[in-house]
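Chemist: What shape does this take:
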Amino acid sequence: MDNLNDQDKELDMEKKDEKKDIKKEESIEDKLKNTEEKLLRSLAELENQRNRFEKEIKEAIDFGGFNFARENLSILDNLQRAHFSIKNDPAFKNNKDLDKFLKNIEIIEKDLLSIFKKNKIEKIDALNKKFDPNFHQAMMEIVDGKVEQGTIVQEIQPGYMFGERLLRPSMVAVSKKTGEKDKENKEKK
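Modeler: I've put the predicted structure just below:
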């Protein structure tokens, strides 16, 4: 009987060892699956990071001169203001060299605009267009019954785009219809 008990014990021990081996194999498979999942996540994360860096590099190349371009708009604005004020100054009207000087300013202005165009800086065409707050900044409203309400009737300062980005909005005057109160006041008068 002792032999039987011993044999039973041995069989039980063998079964337990087999179960342990099976558990070890499962745990190794589980470890392999976990490791594989971690590896896949790491690879996906690296791919996302690479894509993000490529996008940032592309944006840096495309829009790296954004601030520089914005600063240069003031040069163009000042040049245009100087041209306008010199042309309309009565003290300079009698000067025989005024036309030559104004032509030189115009040449500089055209060169600057040409450089802007080569570098994807384009003027926003605003006059007689529908007001769009994404590209225009309304500075005032002008009563004008001839055009549709919300139409740009005057450009105070031109706006510019840098590629697909807004560099500076156009500062504009927008038309508005005469209000009913205005009509009533006119009729009373």
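
Chemist: Quick check: chain neighbours aside, which residue is closest to the residue most central in space within the chain?
Modeler: By CA atoms, centre = their mean, the chain has its centre lying nearest to Arg165, at 4.7 Å. With sequence-adjacent residues excluded and distances taken as CB to CB, 6 or more residues apart in numbering, Arg165 is closest to Phe63, at 6.3 Å. C-beta: built from backbone N, CA, C; applies to glycine.

Chemist: Touching, the one you found and Phe162? I think so.
Modeler: Yes: using CB atoms under 8 Å, Phe63 makes contact with Phe162 at a distance of 6.7 Å.

Chemist: that older thread, dump the residue contacts of the residue nearest to Arg165.
Modeler: Counting by CB atoms under 8 Å, 6 or more residues apart in numbering, Phe63 touches 162-163, 165.

Chemist: And the average pLDDT for stretch 80-94 is what?
Modeler: For stretch 80-94, mean pLDDT is 84.

Chemist: Identify the residues contacting it?
Modeler: In contact with stretch 80-94 (CB under 8 Å, 6+ apart) are residues 98, 101-102, 105-106, 109.

Chemist: List the buried residues of that stretch.
Modeler: For stretch 80-94, a neighbour-count test (16 or more other CB atoms under 10 Å) marks 83, 86 as buried.

Chemist: hmm, back to that, for the contacts of Phe63, which one is nearest Asp12?
Modeler: Arg165 (77.1 Å; CB to CB).

Chemist: Could you report the distance from Glu164 to Glu141?
Modeler: Separation of Glu164 from Glu141 (CB to CB, to the nearest Å) stands at 30 Å.

Chemist: The two: which is more packed in?
Modeler: Glu141 (13 against 8; other CB atoms under 10 Å).

Chemist: I'd assumed that one was in a strand, is it?
Modeler: Yes: if the criterion is DSSP: H, G, I helix; E, B strand; the rest coil, then Glu141 is within a strand.

Chemist: Can you read off the pLDDT for the residue lying closest to it once chain neighbours are set aside?
Modeler: In space, and not counting its chain neighbours, Glu141 is closest to Lys176: 4.5 Å by CB to CB, 6+ apart. Each residue has a pLDDT score; the one for Lys176 is 87.

Chemist: Is Lys176 in contact with Ile142, as I believe?
Modeler: Yes: between Lys176 and Ile142 there is a contact at 7.0 Å, judged by CB under 8 Å.

Chemist: Counting neighbours, go ahead and name the busier of these two.
Modeler: With neighbours defined as other CB under 10 Å, Lys176 and Ile142 compare such that Lys176 has more, 17 against 13.
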